Each structure stands twice: as structure tokens, then as C-alpha cells.
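>>> Sequence first, predicted coordinates after that:
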Amino acid sequence: MMSSSDEQLCPNISSDVTSSPPSRRRKRQKAQQPWAPPSDGTDGTPKKKKKDGAKETGRGGIKTSSLFKHNPDIPDIHRPAVAQLKEKIFTSDLFSDLDLHPHLVATLNKVMNISTLTSVQKQTIPALLAGRDAVVRSQTGSGKTLSYAVPLVQSLQSIQPKVSRSDGPLALVIVPTRELAQQTFQTFQKLLKPFTWIVPGVLMGGEKRKAEKARIRKGINILVSTPGRLVDHIKHTLSIAFSAVRWLVLDEADRTLDLGFEKDLTVILNSLNSTGPARQNVLLSATLTNGVTRLADVCLNNPVSIHVSSAPSSDLTTTSVVTCDPEAASQSESFAVPEALKQFVVVVPSKVRLVCLAAFILDKCKFSQNDKLIVFISSCEAVEFLHSLFIAVLSRPSANHKPPLMFLRLHGNMKQEERTEAFQQFSVSQSGVLLCTDVAARGLDLPQVTWIIQYTPPTAAAEYVHRVGRTARIGARGSSLLFLTPAETAFITELANHNISLSEMKLQDILSSLMFDDVYKGRGKYHSKSSSKALEQEVRERATVLQTEFENFVHADARSLQAAKKALQSFLRAYTTYPAHLKHIFHIRSLHLGHAAKSFGLRDAPQGLSAAAGPGASGGHRKNQNQARKQNQKKLTGKKRFGQREVQLFRSEFSSGLEGGDAKKKKKKKKKKEAFSQSGEEE
Ligand SMILES: Nc1ncnc2c1ncn2[C@@H]1O[C@H](COP(=O)(O)OP(=O)(O)OP(=O)(O)O)[C@@H](O)[C@H]1O
């Protein structure tokens, strides 16, 4: 029997499917399914029917989820031929060969264990030491921070008379996220060990403004900040003066602009240009968008342009070839990814996504090795939800006395203290899983991360590169796995247009890891000598048992049910934010709400998903379903409704933490004005 969620197909799912008579439709669906139920009529789930039609497993009232029925076909993946860009990370040059203070070299060698220059450092450091401005592009994890931090420290330590706190900011480093600000600040702290008279400091949203103000008053020479927070201090902290700034670094400049901080950058640049002396400027960016080029024009003076990637080599990394649009390909930028990075893709029907992710995590962190994973997810609410779900269901102590799996989370709606704690905890841990939004995609240098999972696909190829760049850093090994639904596989070609090549991992292979733990054992009588078909059947049963555990947790109380619905809603909302040129791959209309709901542990598509309701959300009466779908569709895709909200959603990830305060202030001001006008007084 088709569940109600199965029937809630989105309006534009190929009309011939929705309009065919149910019997024909069912037949066709069955023929299409690589996961079609075996001929014995079961779907891999041991079940008996209850009188009311609800299903039960033999496990005391556990509802059965039909995971492997009515899924779309998993298409064969065509991997376009890709000439991957190769970038040599290390050179044979030594820091000790550069014209640097011996104490700075000693700090690099002894404190940071760094002696050899990377390619980007070899090109950038001499140019900056010679006083030039620079635009720098190079692959993730190639040592860009030191490429500007070393010459900056070298330059400030040589100033005579010695720099003092009272000189105020001499260098300004602007980065897009709080964690990156914290990390960059820590790098300066290390480099400045022998030069104690130079004081570094960090400003970032979410911390008490008063305390920051006091620190600024005391004097900070190298100021690392997120743009929003710095603007706030420029506007409200009279003690901040930029008259002595002689270094400006804009790190991850493209990201800063993407996040809508252009205005803030203008405020910062104006406050510098109005008073500042001659300044050296460095701009680091993954992509040279129009915005970045404009920014470079405004704030750089005759810069050297450093781009480390070599031209595409002629050896093609894949063999099967499909034609890609040459014009589109030539228009798109090529990205270099670390050579030691192995990139995989798995095509998973929506309904099976959750168990597939869980099986993968269990395999990497529990059954085989102690891996360290980062999982990228599109919204804060979905991160929150999966975090509590996985802790409850996957973190149980195991029979082999291994410590329980560690799940951490990082997103923009967390309190700053929680963010810092999670970041630090994951940094120092040997293994575990960090569930996060793109707030962790850029610049973060988390040691020994072995796997990057993109559970929700990125909104751009550049973002893909940054996410995977959290592993295989500075010559280390690492792997990545991209989750795509059958409808999204064209994204593989999109990535290939940017010189990114993926190998396929099979869903069945991932799910097979559940064979390692008999906690998920089905009712079948599988034993190791059984046929491969029996094994496949057992794997399905185990996947279904795990899904059922998730669903039981979600449906156990109103709070977790609400959390799952919120997570689904935010997932749908985020899905509407793919840019126009990717809408043919990621379109809200090609999502199946019932199947998407399953991937949040919901047994059916929830009703009344309010503002961001999915198609079929107000289901219930079949008669009204089409109308409801259309209405909800409008809600989901309606520009007016979502334009602002989407921007809000993404800004909130990276906000300075002060917006709330500003809004409150405005409200207060408005109230005050109203009060004045009512009483007839003037302000
Ligand atoms: N020359 C070097 N030798 C060894 N390790 C280095 C060297 N330079 C930098 N590192 C280390 O490599 C890691 C990555 O450096 P960094 O974070 O600057 O990379 P990045 O290019 O800025 O990466 P992303 O693009 O992801 O921001 C850091 O842990 C850093 O300490």
C-alpha cells in the first residue's frame, strides 16, 4: 500500500506519472526501482498488518517505514572527462632563506613546526616584503594565512621606535566568520611570541561589546575582525581610530561580499581612507567575481596578482565521456582541489538519505576506524535536529566498550560561547562528527579531519571546493562524499565544468555497514553463507530497523516532532535559495515532500508547514490536495515571500550578533518618538 506521503507528489513531477491510472503508475514505478521489493512481495521489512491498516514489525509496536518502495530510479552516473588542476603545495625553499627576523624564523620552526615554504607563500611573502599590494588565489589548505601574516609581523616588528599599545591599530584583518577571526587571531598570537610589544586582538559578534570596547581602549595593534562587528565599533566606539593603519588584509573577500557585507566594507574603507597613511593592502579570495574585482580596484594599489594553480594537465582523470556545453565550460572558473583528496558521490533517494548518512557515520566512526567527520547541512534547524537525533539513536555505548560516538554542532544560531566551545572541542579531538552549516566552510583549519560529507549539496561549485577543503590540508590525505538525489545528478556535470571529478560510491555498499551491528538485525534468517540477494534483503531490513528507530524518536513526544518539522521546513526554505543557473538541478518542485519528510524521521509529510510549507503539506482531503499543493507551491517559490527571508536566513549564519541589539534600539527610538509626538514634546 502506498503511504499518504508517497502520494504527495509535487505538481510538476512528470505529468505522465501523476496522471496515469494508479495501477499503471505502480507497475511503472516498480519496474524503475533498483530497490524494488523482491518478488515475494515484501519490501525488506518484516511486518504484519494491524486491523486498522497500520503496520507493525515484530519489535513490539514499531511502525514500519516503507523505505525501499516507490523511490525514483537511480540513474547511471556519467562522469564527464575532467582535467584536474594540480597545484604543488610545498616548495624546497626555506623560511630561513627569506629576509626575516631570526626570532620570527625560530618561532615558525620551533613553535609552529614549519620550515619549508608552500607555493603560495613562496610567491606572496617576497612581494609583500617588498612593499607591494597583492591579490592572492590558491587552493584550500595551502597556507594562505601565513603568506600575509609573516610579512605583516616582519614589517611591524621592524618599526622604530618600537610599536606600542597606544599606537592603536596598525594592521586590520577582515574575515567573514567568527571562528575564522578567532583562528587568525591565534596564528598572530603564535607569530608574535618573540615580539611581545605588538598586541593582537580580535573583535567578533556574539561577545560583549563593552568588554571589546575596553580592549580597544587599552590598545590593539593587529586587529582581526568580522566586518559587521568592526562597523559597529566604528559607529559606536569613539575610541577606535584608524589613523595609523598601514596594513589592510581582506581574507575570503568573495565570501565577505557574498554575505552582503559590501556596505560594511565601504564603511570600513571610508574610515581608513579618510585618515590613514600609505597602506599595504592584501586581498585573498577563492573566486574573482565582479564584486571582488571592484573591491580590488577600490582598495589595492597596483597589486601583484598571485594565482598558484597550474594549467589543466592533459591526463584525464576519468574515462567515460559525455559532452558538456563548451561555452558554459569555458565561462566557468576552474578550481584546484588538494591532490591527496579523494572525492566521492552517492546517489540516494530522499527517503533513504537519513539512514544512509547514519550508516556512513557508524561505519567510519564506530565499526571500522576512528574517523573525524564534518557533515555540511543547509540550515541551523536541520543541524540542531540531526544533532539531537544522532545523539539519541547512534551514540549509545557499544558492546565493544568503545566510547560513545561524539557529535558536535556548529551553526549561526548558537550562542557565541557554545560556538567557541564546539570549535575548540572538535579541533582537539581525534575523532567524532561535526554537524554544521556553511558557517564552517571557509578558512577553518580543523586538524586531522578525514571525511567531509555534504549531506545537502552546496549552492555553488566554489562552495563545494571550500567545504571539501576542510580536509586534505597542507598535503595530508582526506576524502569527501557528496549526497545527491536521483534528480540532482546533473550537479556532477556542473562540478566537472569547474574541473572537479568525483567517483561513485554505491548506496548498497554504504548501507551494508549495518551488517557490522546486530542491534539493527532484521527478522530474516540471514547468515554469512547466504546469497547476495539475501544479503541485500538483510541490509534493507537493517536499514528499515534503523529508520524506524529514528521515526520512533521523532514521534515520541511533541517537542521532537516539532523539531523535525522545523528542520524539514528550513530544509525546504534553503532549497529555494539555489541560484537561477542551478534551478534546473535543484528545484523545490522536483522535491517529493513525503520522501523529504522521511529523511527527517517523519512518518508522513506534515500538514500546514505555514510560510515554508511544502507541496501537499496541507494534505488530508484528497479533493483539496491539488489546490493546497498549488497554494503551498506558490508560498515556497513566491519571490516576494522568500526573497528577504532567504537573505535573512543566510545573514543570520554569519551575523555580527548585534543586529538584535540594533533592532531593539530602533524599536525603542520609535517608541520614544511616538511617546513624544503623543505628548506633543520635541526630541
Ligand atoms: N609552510 C608550511 N608548512 C607546514 N604547514 C603550514 C605551512 N604554512 C601553513 N601551514 C599550516 O597549514 C594549515 C593550513 O593553513 P591555512 O589555514 O593558512 O590555509 P589556507 O590556504 O588559508 O586554507 P583555506 O583556503 O581553507 O582558508 C595550517 O594549520 C597552517 O599552520
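Done, it's in.
>>> Which positions in the stretch 51-200 of the chain make contact with the ligand?
Taking Cβ under 6 Å from any ligand atom as the test, the list of the stretch 51-200 of the chain residues beside the ligand reads 114, 116-118, 121, 140-146. In this view, the C-beta of every residue, glycine as well, is placed from N, C-alpha and C.
>>> repeat that with 8 Å
By Cβ under 8 Å from any ligand atom, the residues of the stretch 51-200 of the chain that approach the ligand are 90, 95, 108, 112-118, 120-121, 138-147, 180, 183, 187.
>>> With the chain instead?
90, 95, 108, 112-118, 120-121, 138-147, 180, 183, 187, 251-252, 284, 286, 442-445, 447, 466, 469-470, 473-475.
>>> Of those, which belong to helices?
120-121, 144-147, 180, 183, 187, 466 (DSSP state H).
>>> before we move on, back to that, buried ones among the residues of the chain next to the ligand?
Burial by neighbour count, judged by 16 or more other Cβ atoms under 10 Å, picks out 95, 108, 114, 117-118, 120-121, 138-147, 180, 183, 187, 251-252, 284, 286, 442-445, 466, 469-470, 473-474 from the residues of the chain next to the ligand.
>>> For the residue in the stretch 451-600 of the chain positioned nearest to the ligand, which non-adjacent residue is closest in space?
Per Cβ to the nearest ligand atom, residue 474 is where the stretch 451-600 of the chain lies closest to the ligand, at 3.7 Å. Among residues not flanking residue 474 along the chain, residue 141 sits closest, at 5.3 Å (Cβ to Cβ, 6 or more residues apart in numbering).
>>> now swap in residue 103 and tell me
residue 194 is the one closest to residue 103 (Cβ to Cβ, 6+ apart), at 3.7 Å.
>>> now residue 151: how far from residue 297?
Plainly put, residue 151 is 23 Å away from residue 297 if you go by Cβ to Cβ, to the nearest Å.
>>> Looking at the two, which is more packed in?
residue 151 (27 against 9; other Cβ atoms under 10 Å).
>>> For the more buried one, which phi and psi angles does the backbone take?
phi -60, psi -30 (degrees, to the nearest 10).
>>> I'd like to know how far it sits from the ligand.
From residue 151 across to the ligand, the span is 13 Å (Cβ to the nearest ligand atom, to the nearest Å).
>>> got the contact list for that residue?
Residues near residue 151 by Cβ atoms under 8 Å, 6 or more residues apart in numbering: 124-125, 128-129.
>>> residue ranges for the strands of the stretch 151-300 of the chain, please.
Along the stretch 151-300 of the chain, the stretches classed as strands by DSSP state E, counting those that start in this stretch are 171-174, 200-203, 222-225, 247-250, 280-284.
>>> what's the longest helix in this protein?
The longest helix of the chain (DSSP H) is helix 532-554.
>>> I'd like to know which elements that helix is packed against.
When contacts are defined as 3 or more Cβ pairs under 8 Å, 6 or more residues apart in numbering; DSSP states H and E, helix 532-554 packs onto helix 353-362, helix 380-394, helix 507-511, helix 558-575.
>>> got the angle for it vs helix 380-394?
If you take axes from the mean of the first three to the mean of the last three Cα atoms, to 10 degrees, helix 532-554 sits at 110 degrees to helix 380-394.
>>> angle of helix 532-554 against helix 558-575?
Going by the same axes, to 10 degrees, helix 532-554 makes 110 degrees with helix 558-575.
>>> Pull out the buried residues from helix 532-554.
535-554.
>>> Ok, stretch 575-591 next?
575-578, 582, 585-588, 590-591.
>>> how long is that stretch end to end?
9 Å (Cα to Cα, to the nearest Å).
>>> any idea of the mean pLDDT for that stretch?
Averaging the model's pLDDT scores along stretch 575-591 yields 92.
>>> got it, and stretch 91-102?
Stretch 91-102 comes out at a mean pLDDT of 96.
>>> And for stretch 409-417?
In this model, stretch 409-417 has a mean pLDDT of 92.
>>> re earlier: check the ones in helices among the residues of the chain next to the ligand and tell me the two furthest apart.
Greatest spatial distance in these: 121 and 466, 19.8 Å, computed using Cβ to Cβ.
>>> Might you report the residue contacts of residue 384?
409, 411, 413, 563, 567.
>>> what does residue 133 give?
280-282, 300-304.
>>> Quick one: residues in contact with stretch 281-294.
In contact with stretch 281-294 (Cβ under 8 Å, 6+ apart) are residues 128, 133-137, 140, 144, 148, 247-255, 257, 262, 295-296, 299-301, 303, 333, 335, 462, 465-466.
>>> Show the buried residues in those residues.
The buried subset of the contacts of stretch 281-294 (16+ other Cβ under 10 Å) comprises 128, 133-137, 140, 144, 148, 247-255, 257, 295-296, 299-300, 303, 335, 462, 465-466.
>>> Now the closest residue to residue 574 other than its chain neighbours. Its backbone dihedrals?
Distances taken as Cβ to Cβ, 6+ apart put residue 378 closest to residue 574, at 3.8 Å, once the chain neighbours are dropped. With angles defined as degrees, to the nearest 10, residue 378 sits at phi -80, psi -10.
>>> okay, how far is it across stretch 193-208, tip to tip?
27 Å.
>>> Next up, the contacts around the most centrally placed residue in the chain.
What sits nearest the mean C-alpha location of the chain, by Cα atoms, centre = their mean, is residue 438, with 3.0 Å. Residues in contact with residue 438 (Cβ under 8 Å, 6+ apart) are 376, 458, 463, 467, 653.
>>> Roughly how far does it sit from the ligand?
Taken as Cβ to the nearest ligand atom, the span from residue 438 to the ligand is 13 Å.
>>> What number of residues are in the vicinity of residue 404?
The criterion is other Cβ under 10 Å. On that basis, residue 404 has 12 neighbouring residues.
>>> Okay, domains of the protein per the record?
86-307, 337-522+532-577 (the TED database).
>>> among these, which is nearest residue 601?
Closest among the domains of the chain, once you apply Cβ to Cβ, is domain 337-522+532-577, at 3.7 Å.
>>> Now do that closest one: distance to the chain's middle.
11 Å (Cα atoms, centre = their mean, to the nearest Å).
>>> Walking through the stretch 1-150 of the chain, point out its strands one by one.
Counting by DSSP E, counting those that start in this stretch, residue ranges of the strands within the stretch 1-150 of the chain are 48-49, 55-56, 90-94, 116-118, 134-137.
>>> For the second one, what does the pLDDT average out to?
Right, the one you point to is strand 55-56. For strand 55-56, the mean pLDDT works out to 50.
>>> do stretch 440-450 as well
The model assigns stretch 440-450 a mean pLDDT of 89.
>>> Between its first and last residues, how far does it reach?
Stretch 440-450: ends 15 Å apart by Cα to Cα.
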